[in-house]
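In: next input, structure requested:
(one chain, ligands or ions: 2)
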Amino acid sequence: MMTILSPSILSADFKNLEKDIKAIDEAGAEYIHIDVMDGRFVPSISYGMPVIKSIRSCTSRVFDVHLMIEEPIRYIEEFVKCGADIITVHVEACEDVVATIEKIRECGVKAAITLNPETPVKAIEPYLSLVDMVLVMSVHPGFGGQKFIPESLEKVKQIKAKLIEKGLDNVDIEIDGGINIENLVSVLEAGANVIVAGSAVFKNDAGANVKRFKEIMSTY
Ligand SMILES: O=C(CO)[C@@H](O)[C@H](O)COP(=O)(O)O
Ligand SMILES: [Fe+2]
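Out: Ligands and ions are numbered 1, 2, ... in the order given. Model prediction:
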């Protein structure tokens, strides 16, 4: 499975977003991870459509939009119009998960499902055949810069096994939260192939960090 790096711009310098996005793009990051928070599903509020729309002109990389919002079905069309290429929704946030995934697909973009650290894998099992990607949250959603929850590795392995069992080997497994150069190998070995990293990419030289991540990832 191809490995993909998706730096989270939640840790970028918001007064220099264009510069930071260009740096990660030029260093080879395939996706740009965009965390949208509503102050209800998670305690904090980040950014939304106007920001996504304006940064769309900075890069042609894939916009990997992680919606930490209640009832995301209400806003799917708008996020697609703003430039989202992949939309991830939380199983805990949707009253009708199937309708939400269908809505994402109808809008012509890729659909992904995610689950909080305390949510068991069985909660997403019914939707595995409907999605392009499963996102494993390896921190409690809401903030960048948190410590990786080691039990997430087992969850990645469980999901990988389920996907293989169901013949869904083409579904990507993304992991998000607390990933750094030190624990990168363990998440790749567990079976994740799309790697989100915020604070570890945007500390010091973002371009150099992307290259270090990609160098390790290229051996998987
Ligand atoms: O979705 C989230 C947080 O809710 C993430 O995408 C974080 O923004 C990742 O940041 P680091 O843990 O890598 O600093
Ligand atoms: Fe995220």
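
In: could you count how many residues lie near residue 216?
Out: Using other C-beta atoms under 10 Å, residue 216 is surrounded by 14 other residues. (Each C-beta comes from the backbone N, C-alpha and C, glycine too.)

In: doesn't it belong to a helix?
Out: Yes - counting by DSSP: H, G, I helix; E, B strand; the rest coil, residue 216 is part of a helix.

In: how close does it get to residue 146?
Out: Distance of residue 216 to residue 146, computed by C-beta to C-beta, to the nearest Å: 21 Å.

In: the one residue in the chain that gets nearest to ligand 2 in helix, strand or coil?
Out: Using C-beta to the ion, residue 66 is the residue of the chain that sits closest to ligand 2, at 3.7 Å. What three-state DSSP gives for residue 66 is strand.

In: pretty sure it contacts residue 114?
Out: Yes - contact criterion C-beta atoms under 8 Å: residue 66 and residue 114 qualify, at 7.2 Å.

In: so those two - more neighbours on which side?
Out: For the pair residue 66 and residue 114, the greater number of neighbours falls to residue 66 (27 against 24), based on other C-beta under 10 Å.

In: what sits against the more buried one?
Out: For residue 66, the contact set (C-beta atoms under 8 Å, 6 or more residues apart in numbering) comprises 33, 34, 35, 36, 88, 114, 135, 176, 196.

In: restricted to strands, list those residues.
Out: 33, 34, 35, 36, 88, 114, 135, 176, 196 (DSSP state E).

In: among the residues you listed, which ones lie close to ligand 1?
Out: Subset of these in contact with ligand 1: 33, 35, 176, 196, counting by C-beta under 6 Å from any ligand atom.

In: for residue 124, what are its contacts?
Out: Here residue 124 is in contact with 91, 113, 114, 115, 134, 159 (C-beta under 8 Å, 6+ apart).

In: now check the longest helix along the chain, is it near ligand 1?
Out: Identified as the longest helix of the chain according to DSSP state H is helix 152-165. No - Helix 152-165 lies out of reach of ligand 1 by C-beta under 6 Å from any ligand atom, never closer than 11.6 Å.

In: can you list contacts of that helix?
Out: With C-beta under 8 Å, 6+ apart as the contact definition, helix 152-165 has outside contacts at 117, 121, 124-125, 128, 134, 136-138, 169, 171, 173, 175, 177, 186-187, 190-192.

In: which one among the ones in strands among the contacts of residue 66 gets closest to residue 99?
Out: residue 88 (16.0 Å; C-beta to C-beta).

In: could you flag which of the contacts of helix 152-165 are buried?
Out: Neighbour-count burial (16 or more other C-beta atoms under 10 Å) applied to the contacts of helix 152-165 gives 121, 124, 128, 134, 136-138, 171, 173, 175, 177, 187, 190-192.

In: looking at the contacts of helix 152-165, which are in strands?
Out: 134, 136, 137, 173, 175.

In: with distance to residue 154 added, can I get those in TSV?
Out: Output for the ones in strands among the contacts of helix 152-165, formatted as TSV (distance: C-beta to C-beta, whole Å):
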residue	distance to residue 154
134	14
136	10
137	14
173	13
175	12
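
In: out of the residues you listed, which touch ligand 1?
Out: Applying C-beta under 6 Å from any ligand atom to those, none is adjacent to ligand 1.

In: what is the nearest of those to ligand 1?
Out: Top of the list for closeness to ligand 1, among those and by C-beta to the nearest ligand atom, is residue 137 at 7.0 Å.

In: is the closest one bridged to anything, and to what?
Out: In this entry, residue 137 is beta-bridged to residue 176, by DSSP bridges.
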